Structures are given as C-alpha cells and as structure tokens.
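Chemist: show me how the following folds:
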Amino acid sequence: MIIAIASPPGAGKTHWIHQQIAQIDKPVGYFSPQTDSIPIDATYLQSEYPQLKLYQTGEEAELDKTTTYVEIPWYLDLAGIEPLLQTFNSHRVAIIPDDTDSAELKTWADEIIPGDRITKPTTALQIHRGVLTSDPASAQDARECARLTGEILDFDSLATFWLELTQGAYGEVVRAKGIFDLEDGLIYHGDFKLGKSELEFKPLNLPRWLNGKPNRKSGFEIVGSNLDKAEIAQTVRDCCVPESAINYYQQQVKESLATELEVV
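Modeler: Residues are numbered from 1 along each chain as shown. Down below sits the predicted model:
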C-alpha cells in the first residue's frame, strides 16, 4: 500500500512517519516529491532506519514494491499529485492541528490525525531552500544561493547562525530544518518549529566523512515571512570551512579517534 501524508508546515508529517516505520517488520519505502535536491527528511529517516528504501523522482512506478510512505511537501498542490496516488492502492492521511481549519485537507483525506500546534505567521508564508547548483541562473540567484553540498561548516558558526535565524534575525521563521556536514566528519540535522522550546540540532547516525570534501547532499529549508534570503545565504557561506583548512581539521579528528581507540 501507498500511504500519502499531507499537512501544514510543522504539523508533524515526518515524526508520524518515523513512528509508523518503527512498528513495521517488513520492507518499507519513502518518497517525497520534489525534494531530491535537498533530501532533509529522507536523510534523517534513513539514518534512523538504514533498511529504509528511498525512492527518487523517476522511480514512482516502483512505489508499490514496498509499503511506502509518500510525504507531500506542504507547498505542493494536492491536485498535482492525485494522478500518482490514483495509480496505486493508496491511503491518504492528513495531519491537522486542532486549532487549524483546513477544508481542502479534510476533503482530501481518508484519515485525519491531530497534529502539532503551529504558530501562524503574520503575513503570507515564503519558503527558502538551500540551492545546490553551482551555476546560478542570475546575479540575484547568486546572492541568494547557499551551495552546501560538498561544503563543511564550522560548528560554532552554524550554531550561532541557527540561533539568530530562529530568533528572527532574518525574518519571521516558523519552520526551519537542514542537514549539514561539519568539521568532525559527521552530518548534523537541525530542526526548529516556532513555539517549541526545544531546539534540536544533533548528529545523524551516518558514517563520518574524513577524506576531503563530502560527496553527499546537504542543505536547508526555511519557512516564514519577510525572509532575507540574500543575507541568509551569505551568512551560511560564511559558516563554511575554507578548502585550505579542511585537511587540517580532518587530520585532527583522525588523530583524536585513533587516540580513543588506543585507550580502549
């Protein structure tokens, strides 16, 4: 079966999928349309469940080979994904906070689940996703481009940026998430919801990368209003470790890990 999940941003789609996978003892798949370039939720879920099958764009015909969860980004038109869902035996789940009235989702869903309460912005929502192309189409794109794939970020700088971001320094942010390679060789997951006291920022259970620039995807997604995209991109670029220093940091980590092994 295909289980399609939709909700407003921050209502708990990925968290609900995480809970469902934990209860299944057979092959499970995951697909999220139009997120291949920055697979934040897919990377997080696979770090928790290495056996999870991740489907990419172009592999939609294979979705029914497993019990597959299709996480629909909040900004996608439900009508646009309907032809895909009608191809399979699909079950539609809407995760809706009690204080949110979403007639479209309620009409669309076969099942409605209460979601996390979300703080509504004062103006219309925008989305800013870290751009991964190395060839921006225009000067404006270049100013707003934070090319993170292959980059290693300084932990302290990233933590400072994340705190500033979530406290409103770059606009009214209601949701932010990202995956970032840091100088200790680990890839970290950042997760923020406005109104939540806990700020999650932790390493994922994935192999360390300690040999040059990482060959795995990283990036961020920020949802809010009046976002200063150019300033966000510049600040993230400023968090990147210079290429000339990458080998130094990686050698330091290798030596530290070797010392730990000797002690053990």
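Chemist: how about the helices in the stretch 1-150 of the chain?
Modeler: Along the stretch 1-150 of the chain, the stretches classed as helices by DSSP state H, counting those that start in this stretch are 13-21, 40-48, 78-87, 103-108, 139-143.
Chemist: tabulate those helices in TSV, adding columns for mean neighbour count.
Modeler: C-betas here are computed from N, CA, C, even on glycine. Below are those laid out as TSV (neighbours: other C-beta atoms under 10 Å):
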stretch	mean neighbour count
helix 13-21	18
helix 40-48	19
helix 78-87	14
helix 103-108	13
helix 139-143	12
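Chemist: can you list phi and psi of Leu153 for me?
Modeler: Dihedral angles of Leu153 (phi, psi; degrees, to the nearest 10) stand at phi -110, psi 150.
Chemist: against Phe220, how distant is the nearest residue in space to it that is not next to it in sequence?
Modeler: Nearest residue to Leu153, sequence neighbours excluded (C-beta to C-beta, 6 or more residues apart in numbering): Cys239, at 4.6 Å. Noted for Cys239: a distance of 11 Å to Phe220, by C-beta to C-beta, to the nearest Å.
Chemist: now Gly195
Modeler: 20 Å.
Chemist: the more surrounded of those two?
Modeler: The neighbour comparison of Gly195 against Phe220 (other C-beta atoms under 10 Å) goes to Phe220, with 22 against 11.
Chemist: next SSE downstream of whichever strand or helix holds that one?
Modeler: According to DSSP states H and E, Phe220 maps onto strand 219-225. Sequence-wise, the next helix or strand downstream of strand 219-225 (DSSP H and E) is helix 229-239.
Chemist: buried ones in that following helix?
Modeler: Residues of helix 229-239 classed as buried: Lys229, Ile232, Ala233, Thr235, Val236, Cys239 (neighbour count, 16 or more other C-beta atoms under 10 Å).
Chemist: by contact count, what packs against it?
Modeler: With contacts taken as 3 or more C-beta pairs under 8 Å, 6 or more residues apart in numbering; DSSP states H and E, helix 229-239 sits against helix 139-143, helix 155-166.
Chemist: ok, back up a step: CA atoms only: put the strand holding Phe220 into CSV for me.
Modeler: Extracted in CSV, the C-alpha atoms of strand 219-225 (Å, rounded to 0.1, in the frame of the first residue of the first chain):
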residue,chain,number,x,y,z
GLY,A,219,21.2,22.0,2.6
PHE,A,220,18.4,23.7,4.4
GLU,A,221,14.7,24.6,4.2
ILE,A,222,13.3,27.7,5.9
VAL,A,223,9.6,28.6,6.0
GLY,A,224,8.4,32.0,7.2
SER,A,225,7.6,35.5,6.0
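Chemist: low-scoring stretches of the chain, by residue?
Modeler: The model of the chain has pLDDT under 70 over residues 119-122, 131-147, 197-200, 263-264.
Chemist: any idea how far Arg175 is from the most centrally placed residue in it?
Modeler: Central residue of the chain (C-alpha atoms, centre = their mean): Ile40, 2.6 Å from the mean position. Plainly put, Ile40 is 11 Å away from Arg175 if you go by C-beta to C-beta.
Chemist: cool, and Ile17?
Modeler: 16 Å.
Chemist: same check on Gln234?
Modeler: Gln234 is 21 Å from Arg175, by C-beta to C-beta.
Chemist: and Asp110, by the same measure?
Modeler: Taking C-beta to C-beta, one finds Asp110 at 26 Å from Arg175.
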